[in-house]
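Trainee: sequence-free structure coming up:
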């Protein structure tokens, strides 16, 4: 999509709620386009969500591998960023998942069988009738909502046996905007109602998770629709990524962060919203250069901060080249100064994408194109500092 197309789409994007986190957004409406099942399980799996149910004293809490920025600790994690997920292992014929979230969609995977939860609310998902032997269970948030969700854990009935959680694997962190979120990525076309866009968003099928899975890695997604590094789509006073990145919960600056490990790779895909809007007709080239310099300076500092967080991580700048020469030049400027520090990073400039999903966002095929380029880059030897 050309920058001209982005400018033409701004009113529709704004009305679709693409302005940062929408930190004061109301509770989402119930579906307007037909019923959405609270639980959708494949044949052969007995799964029932029981509203307001709580773990009983005879149940065993399962230790889990938690990935994704969140607030809390064992037996309770609040989350607001996309793609929060947790995995655990057990032996037994049944298992339960405790949640409190009336806003988001989740995929619960029991071994290879997926169960989709849509706006479940508070209660427990009970899965029963499992075969003998060990099992693995995973829950992942698919949607993007401003409301805070709560994962309260996996639980086993008395007859089950807890097993150690899955071992940690390499971690790739993806920082970005709606393209990183996977906004409306499974939709068959660009025209989407807000409910269709909600149902079509699946962060697990965005380029970041695609890349990580292909490389045998886990992923952490720090992204929000409409967000920029220093300036969000449409301007306004909402904080941008430079201010929000460190927050466990974007809408709660003082929420304590759950422990998280350093990333092995950090992919930074920001800038599209900083450069998306048409300059004022009387804006001089000098003013445009100043805007580019401000972004480059902020990106350089953001890279330095990520280096402090993850001292041995490979850092990749992902530039959506269709947003213009100024965006690419600002990325090159930040990269040159980062290298002058004695550090190293990669710059991957993406070609124009088809953007046939909701509101001119990348389709599943576009996400695969991005993932293929990232996979090729990350399989190559990194630059030496």
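Mentor: Arrived safely. Everything numeric in this text was worked out from a predicted model, so none of it was measured.

Trainee: Next SSE downstream of the least confident helix or strand in the chain by mean pLDDT?
Mentor: Lowest on mean pLDDT, DSSP states H and E among the helices and strands of the chain sits helix 3-15, with a mean of 44. Downstream of helix 3-15, the next assigned helix or strand under DSSP states H and E is strand 39-40.

Trainee: is it true that residue 138 lies in a helix?
Mentor: No. With DSSP: H, G, I helix; E, B strand; the rest coil as the criterion, residue 138 is strand rather than part of a helix.

Trainee: Now for it: which residues touch it?
Mentor: 85, 86, 87, 88, 108, 109 (CB atoms under 8 Å, 6 or more residues apart in numbering). (Glycine included, C-beta is placed from N, CA and C.)

Trainee: Try it again at 7 Å.
Mentor: Applying CB atoms under 7 Å, 6 or more residues apart in numbering, we find residue 138 in contact with 85, 87, 109.

Trainee: Count residues in the vicinity of residue 254, would you?
Mentor: The number of residues packed near residue 254 is 8, by other CB atoms under 10 Å.

Trainee: measure it to residue 82 for me?
Mentor: 22 Å (CB to CB, to the nearest Å).

Trainee: now residue 317
Mentor: Distance, residue 317 to residue 82, using CB to CB: 20 Å.

Trainee: for residue 228, same thing?
Mentor: According to CB to CB, residue 228 stands 17 Å off from residue 82.

Trainee: Among those two, which residue is more densely surrounded?
Mentor: residue 82 (32 against 24).

Trainee: Please enumerate the strands of the stretch 251-385 of the chain.
Mentor: 265-269, 314-320, 346-350 (DSSP state E, counting those that start in this stretch).

Trainee: Please identify the buried residues of the second one?
Mentor: For strand 314-320, the buried set under the neighbour-count rule, 16 or more other CB atoms under 10 Å, comprises 314, 315, 316, 317, 318, 319, 320.

Trainee: Show me how the record splits the protein into domains.
Mentor: As assigned by automatic domain parsing, the chain contains the domains 3-22+169-379, 39-163.

Trainee: rewinding a little: out of the contacts of residue 138, grab the one that's most surrounded.
Mentor: In terms of neighbours by other CB under 10 Å, the contacts of residue 138 top out with residue 85 at 26 neighbours.

Trainee: Quick check: phi and psi on that one?
Mentor: Reported as degrees, to the nearest 10, the phi and psi values for residue 85 are phi -150, psi 160.

Trainee: Distance-wise, check it relative to residue 359.
Mentor: 26 Å.

Trainee: Then residue 155?
Mentor: Applying CB to CB, the value for residue 155 to residue 359 is 39 Å.

Trainee: between these two, who's got more neighbours?
Mentor: For residue 155 and residue 359, the more surrounded residue by other CB under 10 Å is residue 155, and the numbers stand at 25 against 21.

Trainee: Go ahead and confirm the more buried one touches residue 53.
Mentor: No. Contact criterion CB atoms under 7 Å: residue 155 and residue 53 do not qualify, at 10.3 Å.

Trainee: got the residue ranges for the helices in the stretch 251-385 of the chain?
Mentor: When secondary structure is read from DSSP state H, counting those that start in this stretch, the stretch 251-385 of the chain shows helices at 285-309, 325-340, 364-379.

Trainee: Between the ones you listed, which one is closest to residue 351.
Mentor: Nearest of those to residue 351, taken as CB to CB: helix 364-379 at 8.0 Å.

Trainee: Mind listing what's buried along that closest one?
Mentor: Residues 364, 366, 367, 369, 370, 371, 373, 374, 375, 377, 378 are the ones in helix 364-379 that count as buried (16+ other CB under 10 Å).
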